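Asks: Got a predicted model here, sequence first, then my questions.
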Amino acid sequence: MKRVLILMLVFFNLVACSNTNEDKEEISLNTDISTEDTSENLKNEDVINEESKNTNIINEDIKKNKDIKTEICGEITKYQQNDELYYQLLFTYDRDGNLSLSDFFTSDNSLEKLKKFNTALKSTFDYNELNNQPLEYRGYFEYDKKFSEFGRINEQIEIQGQKEDLYRTNLRTLMIGESFYKQLDNYIEEGKNFSSQDFTVNSSEQEISMILGNSYKDIYKIGDEINLYLFQKPLKFKVIGFLKKDSEKFAPYPAKNLNETVVIPFYDINYMPNNKIDDSYQKMYYIQKNSGYIKLEESETNEVIKNVENIENIYYDYLERVEKLAKENDVLFSIPICPTKIEY
């Protein structure tokens, strides 16, 4: 059998947030981040374990020979009829001689290209956005490390021009696209769910709605405003609801529930960047928005589950359409051979 090349999924860690205590003064940070630094950090982040059975695989030899072996997508044989299967988009910068992500970010109209590609995905496919990129709390975090994505709190950070000690804590976070939010209706214990208006941000200063896991009820209340960071960008959030205890609908593996999770809308950004940090933030953000999930039609899913070898024609159909859209928008994205269930 020809050697299979594992396409590692990048797990983004480049984030930043701010302090949220009523007793702390908001920290003003004059951070200055370049797109080159941002993309370099992106390339060096943690990756999905190679041994994971859910690893997305692209085998260039198979693509050339159009001979997809059953054992490559063997995970599909464990699924049931009417399960939902998805192709997750993968960016292909920095591999196989392609343009580097940092060079793309510094090229003309790169943000516009990413946004147009996102719009094209939504109009062409049943496209779903879901991500667990951590928001970052800046300041001294007084609460349990169970709220941290990585089990660490109050990591010291150095920022140019800032003399006093600064701390950051990466919060457990779930970003859900507009196609998913109504499924939260039955999980709200207090307050309210998101509305469709929450999925568009029209200005840099716009307040973003937030739903918190049940454990946060001891810390915040409905209406509280929280300052957090995402990709070095300071953002304003407002608590609109709390989830029921042990809600599991969107809990990502290995989390058992959403008790300690911050849930935010995976919104569209409908304004032009107003500074260097905002520009970098939007580009990184749209790389993630364009790494969402294309849902297969029910008939296609059942066909694949019935006989995994039927994946061949389905795969090449989706691959052709994705790469055609990517080429039309001058971006580099593709899909793996094997569709999977969303592990959330």
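Replies: Perfect, thanks for sending it. Owing to the predicted nature of the structure, the values given are computational and were not obtained by experimental measurement. Numbering: from 1, shown residues only.
Asks: element containing N274?
Replies: Using DSSP states H and E, N274 maps to neither a helix nor a strand.
Asks: Settle this for me: it is touching S204, isn't it.
Replies: Yes - with contact defined as CB atoms under 8 Å, N274 and S204 form a contacting pair (5.5 Å). All C-beta spots, glycine's among them, are computed from the backbone N, C-alpha and C.
Asks: ok, those two, which is more surrounded?
Replies: S204 (18 against 11; other CB atoms under 10 Å).
Asks: do you know how far the more buried one is from P234?
Replies: Relative to P234, S204 is positioned 9 Å away (CB to CB, to the nearest Å).
Asks: Give me the distance from the helix or strand hosting I311 to the chain's centre.
Replies: Assigned by DSSP H and E, I311 belongs to helix 311-328. Chain-centre distance of helix 311-328: 22 Å, with CA atoms, centre = their mean, to the nearest Å.
Asks: Stretch 267-278 too?
Replies: In terms of CA atoms, centre = their mean, the centre of stretch 267-278 is found 17 Å from the chain centre.
Asks: if you average pLDDT over that stretch, what comes out?
Replies: Mean pLDDT, stretch 267-278: 97.
Asks: How about stretch 140-151?
Replies: In the prediction, stretch 140-151 has an average pLDDT of 96.
Asks: Do a quick rundown of the helices in this structure.
Replies: With DSSP state H as the criterion, the chain has helices at 35-43, 60-65, 101-106, 110-124, 276-289, 298-306, 311-328.
Asks: Quick one: list the elements packing against the last one.
Replies: For helix 311-328, the helices and strands in contact under the criterion 3 or more CB pairs under 8 Å, 6 or more residues apart in numbering; DSSP states H and E are helix 110-124, helix 298-306, strand 333-334.
Asks: Could you tell me how far E190 is located from E149?
Replies: 24 Å.
Asks: Those two: who's more crowded?
Replies: E149 (21 against 16).
Asks: Surely that one touches N170?
Replies: Yes - applying CB under 8 Å, one finds E149 in contact with N170, separated by 4.5 Å.
Asks: I'd like to know how many residues surround E309.
Replies: For E309, using other CB under 10 Å, the count is 12.
Asks: With just CA atoms, put the helix holding I311 into CSV.
Replies: What follows is the C-alpha trace of helix 311-328 in CSV, where atoms were taken according to Å, rounded to 0.1, in the frame of the first residue of the first chain:
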residue,chain,number,x,y,z
ILE,A,311,-17.1,7.4,-1.2
GLU,A,312,-15.0,7.8,-4.3
ASN,A,313,-17.5,9.6,-6.6
ILE,A,314,-18.9,11.6,-3.7
TYR,A,315,-15.5,12.7,-2.6
TYR,A,316,-14.3,13.9,-6.1
ASP,A,317,-17.6,15.7,-6.7
TYR,A,318,-17.2,17.7,-3.4
LEU,A,319,-13.4,18.2,-4.0
GLU,A,320,-14.0,19.6,-7.5
ARG,A,321,-16.6,22.1,-6.3
VAL,A,322,-14.5,23.2,-3.2
GLU,A,323,-11.4,23.7,-5.2
LYS,A,324,-13.3,25.5,-8.0
LEU,A,325,-14.6,28.0,-5.4
ALA,A,326,-11.2,28.4,-3.9
LYS,A,327,-9.6,29.1,-7.2
GLU,A,328,-12.3,31.6,-8.1
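Asks: could you give the mean pLDDT of that helix?
Replies: pLDDT averaged over helix 311-328 gives 96.
Asks: please begin residue numbering at 38 from this point
Replies: From this message on, residue numbering opens at 38, which makes the last subject helix 348-365.
Asks: Find the residues that touch each one of E186 and N207.
Replies: The contact sets of E186 and N207 overlap at P171 (CB atoms under 8 Å, 6 or more residues apart in numbering).
Asks: shaky segments in the stretch 188-337 of the chain?
Replies: Across the stretch 188-337 of the chain, the ranges flagged by pLDDT under 70 are 198-201, 290-291.
Asks: Recalculate using a threshold of 50.
Replies: Low-confidence segments of the stretch 188-337 of the chain (pLDDT under 50): none present.
Asks: who are the neighbours in contact with G250?
Replies: Contacts of G250 (CB under 8 Å, 6+ apart): R209, F279, L280, S284, N294, L295, N296, E297, T298, V299, V300.
Asks: Check L122 too.
Replies: I113, Y116, K332, L333, E337, T338, V341, I342, P376, T377, K378.
Asks: Name the member of those with the most neighbours.
Replies: The most crowded member of the contacts of L122 is P376, carrying 27 neighbours; neighbours defined as other CB under 10 Å.
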